[in-house]
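Trainee: sequence unknown, structure follows:
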């Protein structure tokens, strides 16, 4: 296909951001409409990508490649496969919802300009097939996110924003050296210097110890981003202090850069090292699942609770990734999307609570179900999806991860499965404290879900239910690429994924 | 003991065309001094315009020279005292650009401070000559002359703000310590001469080739000479532990002069360092490589860490320039792996690329600081930037771009510069220093974040309203716009510049 649709996916938000920045402050409506239009246009493009995506192909699709920095063998190389397609769509859909639905309360113009730039960076990261290009987008994402947290966040925002920036940048420092070393060392196998992901992954053969070092350099950047225990400490701060829109984006798509990166630039690029490092990652993921869940139980701040639940959920995705079976990775990829939707929606709801009560303290909220039953119902559905109740989207991914991992990572799964129970514990307990009981004076006037808020939540709930009931369309598109990845790993290492009889499901 | 007969004193043949950028600068400086002495004070902006035009002239002369080098290849000038190669032209371009931008920044500054006059501009041009000589030297004595021409001009420039005691102090401090380092360098020259019998780079190399390999000048005195040369050069580039002058001098000197120091002087010193290490002393590369490694590691780490704890922006940027010098040294370290080999690798070009990119970047940054420092050139603490995002959003945005570039964020020229040196280091398998440098860059990023926080996020405090408003006169605006434009252009489309770097 000649139409450069993936390039447009990146450039439309950039153009929107520049337009927004150029429009005068005196025309706030024009600013909002421009921002919304460009994000809706991007969403439309991402849906178009989804329809243009051939579901039974396992390779990269809609590829576009142009030379960029020829001296260093760097090209503008974009493409998607089953692992990235839904992340692209999620990014495309989430941003207009956030832009339309969440009010930053001040300085809309700058907020929206940063937001669109953030979208471009995230989009670019998901569609890049060039190591350098990926790094550029991966790193550029930090800047708008830093300003969003620092400029529109809550009391401790400067601390949280700085912590977020520096933590991620430390990881990136290692990754940059790793990227360059990868390209330089792959030169012998490729004939010339290139940063092309596909060429390096398919042609290069690294000595085992070299590959492990390189893998480590990449993995540390992604482990910070995911975040994997014990590098997760920036996340609760960043989430809690970020404005609602920032939190939704952070949980929805930004963290996925880490899990996606581990698959694309960890497992795919260095299969041997990934197999070698399995125990470490499985262990850290399992610790993260339990740690996140236990820490979430202890939180008194609703937003912090959701933030810790992210640590736990992303632990499942990493567990699935390093179980290295087709089922587990498919589950992990699906869980990427499910977590983005359900945690994004949870942050929206927590944001709405804050708007109404100007507090997120669980202790100060009580009996909301009595005064705002529809709001409570919406919260309940989203929460159940986050817990992983069958019939909703959270269940599908988590279940696939658990059964897929059982064959290759049995004892880790046994321990990790308790995380599912803990998830029910901390979320239900929080729900009980916030929504049950008799409302006291402060909570009696808690307003019901507004029409506009309902419209904002509706798409989330629709996706939650649809994916939970009928995940097949998604699985059909994810599976071929995952199978190919597993084959790639098997060819380049001693790994043999167990063959599982697959029922139709 | 007698009068030389005319035919015994034969000067070397001089390729005047190859020296044309130097001659343009020299002529410009002389003309400026003489004309300004003979005429009453020139109207507003004329001094700066004249200087910028001269800088443009020498910049323009670099194009035909570059073209000629493409055809004829490199050669030496003035009896093998100077090199005529792409490195020399590249340094000339860098310094011309630095003079051009610095003159634009200086223009309104001098009038604001009540110091307007031709002297500082003439100093820029004379210092630039020294820098170009340093960048093209093929002889240790010529190099020393270049260093002195540059340094003496800089001592005076640092002290040129007559009304500020800090400026005087900075000039004096720089003079004393700079004289000290020059002495080191000169002593190193003497010892190398003792060991090799020459001060000419080629002759130094040949002297070793002609002696027995096992005795290739490894006696203690020769090594001491190499060490002293390195000390002198490390002082000029402001590498840790020879950096102690930098914060005080950068803070005290008039802000546009600081910009010039951080750009032109650094570029010249790095070119000189590359020449001495790679062209004169390739046989000792195994001896000095660990030293360069240590200088690089110390500079990036100490520069970044010390920068973070400062509260004065000029001091922060002084330490950050030390950290940038460390990055350039990473490239030098990579280059030393190929010292004496026919294929120089990517090390030298990565350093030269870095110096050019950094020169533009740092002048742009100090241009903003010049504007923010307000009358008296004293408001350079972090608090002076408070509210800039609200009152002067475009200026604050420009500063943000420049700071992000200094931090090495992608899509800015600073990232390309950092990428270049790390690329060179990794190619020589210097993974350790590459990782150290990148991690230190994260620490340094915090410093740039602090300035950005102050501009965009910090709440206004009482008394902010009473401050003089930040003025950005035309020439200053042009300088800032050009640096930001270059920063983004190279960040987005770096290929042309990378492929040009010699």
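Mentor: Great, that's in hand. None of these values were measured; they are calculated from a predicted model. Numbers count the residues shown, from 1 in each chain, chains lettered A, B, ... in the order given.

Trainee: what's the helix or strand bottoming out on mean pLDDT in chain A in contact with?
Mentor: Using mean pLDDT, DSSP states H and E, helix A:441-444 stands out as the lowest-scoring helix or strand of chain A, at a mean of 81. Helix A:441-444 is contacted from outside by A:357, A:364, A:365, A:366, A:367, A:368, A:371, using Cβ atoms under 8 Å, 6 or more residues apart in numbering or on different chains. The C-beta positions use only the backbone N, C-alpha and C, and glycine is treated the same way.

Trainee: The last one: neighbour count?
Mentor: So that's residue A:371. 16 (other Cβ atoms under 10 Å in any protein chain shown).

Trainee: helix, strand or coil for the closest residue to it other than its chain neighbours?
Mentor: Closest residue to residue A:371 apart from its sequence neighbours, by Cβ to Cβ, 6 or more residues apart in numbering or on different chains: residue A:446 at 4.8 Å. Three-state call for residue A:446 (DSSP: H, G, I helix; E, B strand; the rest coil): coil.

Trainee: mind listing what residue A:446 touches?
Mentor: Contacts of residue A:446 (Cβ under 8 Å, 6+ apart): A:356, A:357, A:368, A:371, A:372, A:375, A:439.

Trainee: Does anything pack onto the one helix or strand residue B:315 maps to? Which helices or strands?
Mentor: Taking DSSP states H and E as the criterion, residue B:315 maps to helix B:313-336. Contacts defined by 3 or more Cβ pairs under 8 Å, 6 or more residues apart in numbering or on different chains; DSSP states H and E place helix B:313-336 against helix B:220-237, helix B:245-252, helix B:255-260, helix B:266-274, helix B:285-308, helix B:347-372, helix B:413-427, helix B:431-452.

Trainee: May I ask you to confirm that residue B:219 is in contact with residue B:192?
Mentor: No - the criterion here is Cβ atoms under 8 Å, and residue B:219 misses it with residue B:192 at 11.8 Å.

Trainee: Who has more neighbours out of these two?
Mentor: More crowded of residue B:219 and residue B:192, by other Cβ under 10 Å: residue B:192, with 27 against 12.

Trainee: Tell me which residues touch that one, please.
Mentor: Applying Cβ under 8 Å, 6+ apart, one finds that residue B:192 lies in contact with B:140, B:199, B:204, B:222, B:225, B:226, B:229, B:280, B:281.

Trainee: Count the residues that sit near residue B:268.
Mentor: Neighbours of residue B:268 (other Cβ under 10 Å): 31.

Trainee: Off-centre distance for the helix or strand of chain B with the lowest mean pLDDT?
Mentor: One helix or strand of chain B scores below all others by mean pLDDT, DSSP H and E: helix B:201-210, with a mean of 81. Put simply, helix B:201-210 sits 29 Å off its chain's centre (Cα atoms, centre = their mean, to the nearest Å).

Trainee: thinking again about what came up before, what does the helix or strand just after the least confident helix or strand of chain A rub up against?
Mentor: Downstream of helix A:441-444, the first helix or strand assigned by DSSP H and E is helix A:451-469. By Cβ under 8 Å, 6+ apart, the residues outside helix A:451-469 that reach it are A:93, A:97, A:100-101, A:334, A:337-338, A:341-342, A:344-345, A:348-349, A:352, A:374, A:378, A:381-382, A:385, A:390-396, A:449, A:474.

Trainee: Buried ones among those?
Mentor: The neighbour count (16 or more other Cβ atoms under 10 Å in any protein chain shown) marks A:93, A:97, A:100-101, A:334, A:337-338, A:341-342, A:344-345, A:348-349, A:352, A:378, A:381-382, A:385, A:392-396, A:449, A:474 as buried among those.

Trainee: Keep those, but drop any that are not near chain B.
Mentor: Near chain B, judged by Cβ under 8 Å from any Cβ of the partner chain, there are no entries from those.

Trainee: Restricted to helices, list these.
Mentor: A:93, A:97, A:100-101, A:334, A:337-338, A:341-342, A:344-345, A:348-349, A:352, A:378, A:381-382, A:385, A:393-396, A:474 (DSSP state H).

Trainee: Identify the residue nearest the residue nearest to the spatial centre of chain A in space, chain neighbours excluded?
Mentor: Central residue of chain A (Cα atoms, centre = their mean): residue A:256, 2.5 Å from the mean position. Nearest residue to residue A:256, sequence neighbours excluded (Cβ to Cβ, 6+ apart): residue A:336, at 5.0 Å.

Trainee: So that neighbour is in contact with residue A:86, correct?
Mentor: Yes - applying Cβ under 8 Å, one finds residue A:336 in contact with residue A:86, separated by 7.5 Å.

Trainee: Which of those two has more residues huddled nearby?
Mentor: residue A:336 (29 against 25).

Trainee: List the buried residues for the lengthiest helix in chain A?
Mentor: When chain A is parsed with DSSP H, its longest helix is helix A:157-190. By 16+ other Cβ under 10 Å, the buried positions in helix A:157-190 come out as A:157-158, A:160-183, A:185-187, A:190.

Trainee: so which of those also contact chain B?
Mentor: Okay, of the buried residues of helix A:157-190 touching chain B (Cβ under 8 Å from any Cβ), that's A:157-158, A:162, A:165-166, A:169-170, A:173-174, A:176-177, A:180-181.
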